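>>> could you work out the structure for the sequence below:
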Amino acid sequence: MNQLIKVCGMTRVEDVANCEELGADFLGFIFHPSSPRCVDAEFVRSVEVTKAKKVGVFVKQSAAEIREIMKNAKLDFAQLHGGQNEEFCKAIGKERVIKVLWPQRYDSVKEFQDDIDRFAPFCSYMLFDAGSSGGGHGKTLDFSVFSEVKIQIPWLLAGGLSSKNLLEAISSAKPDGVDLNSGVEVSPGIKDINKLSAAFVSVHLANKRKKS
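Sure, this is the predicted structure:
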């Protein structure tokens, strides 16, 4: 199966169009006021997509607030980027949740595995972020941790991914997909078509290597 590609931190219509043309599977829109990539529901609703799924990234909103924003913005998924628990995921709906975990926050592989097992029944995808706080920081993970855990559902790898490191990241971590953000930007929220194109080429090359 080919790698899924998510591009996060979308703020411009032209970037959405470019990502759609390149073949992105998911487009991420951030609803966290302190983020330089923050957008509102009206903008996201107005953005037309034909193939990609719209993902809202949420940190501090309540489940009710998230459901309301998802309805108003016509979102397909909620990416839960805060300390939301299993009940919170259930309130959104398993089929619509992408749950974020930060491997570097855990003192042991066992603790990381415990949280993977804890959340897997309550989400459609998991996303593992290289940092220890919010996204879009440009940090990359020590990929060896992924050979030590078992992940029962599809998962995405995030954290400083670009054409410079995608082949190594995919080969080492073996994710089901990748999440691109700061590595394909010229500034927060402003995507660079050349960096985007190069990143997509790297993912397609990784797919070819996997099949050969």
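>>> give me the residue at the spatial middle of this structure.
For the chain, the residue nearest the mean C-alpha position is residue 179 (4.5 Å; Cα atoms, centre = their mean).
>>> contacting residues around that residue?
Residues touching residue 179, when contacts are defined by Cβ atoms under 8 Å, 6 or more residues apart in numbering, comprise 6, 7, 8, 28, 127, 135, 156, 157, 158, 161. No exception for glycine: its C-beta is placed from N, CA and C like everyone else's.
>>> what's the answer for residue 162, then?
Contacts here follow Cβ under 8 Å, 6+ apart; on that basis residue 162 touches 180, 183, 184, 195, 198, 199.
>>> next step: those residues restricted to strands.
For the contacts of residue 162, the ones inside strands are residue 180, with DSSP state E as the criterion.
>>> what's the PyMOL line that selects buried ones from the contacts of residue 162?
If you want just the buried ones from those in PyMOL, going by 16 or more other Cβ atoms under 10 Å, the selection is:
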select buried, resi 180+183+184+195+198+199
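>>> state the number of residues packed around the residue nearest to residue 69 when sequence neighbours are not counted.
With Cβ to Cβ, 6 or more residues apart in numbering as the measure, residue 41 is the residue that lies nearest to residue 69, at 5.2 Å, once sequence neighbours are left out. Residue neighbour count, defined by other Cβ atoms under 10 Å, stands at 18 for residue 41.
>>> try residue 97
Under the criterion other Cβ under 10 Å, the count of neighbours that residue 97 has is 23.
>>> do the one 3 residues further on as well
When neighbours are defined as other Cβ under 10 Å, residue 100 has 24 of them.
>>> show me what it is bridged to.
Counting by DSSP bridges, residue 100 is bridged to residue 127.
>>> isn't it right next to residue 78, touching?
No: using Cβ atoms under 8 Å as the test, residue 100 is too far from residue 78 to be in contact (10.7 Å).
>>> picking that back up, from the contacts of residue 162, which land in helices?
For the contacts of residue 162, membership in helices holds for 195, 198, 199, with DSSP state H as the criterion.
>>> against residue 67, how distant is the residue nearest to residue 69?
Using Cβ to Cβ, to the nearest Å, one gets 12 Å for the distance from residue 41 to residue 67.
>>> and if you look at residue 130?
Taking Cβ to Cβ as the measure, residue 130 and residue 67 are separated by 29 Å.
>>> now do residue 22
From residue 22 over to residue 67 the distance is 31 Å, taken as Cβ to Cβ.
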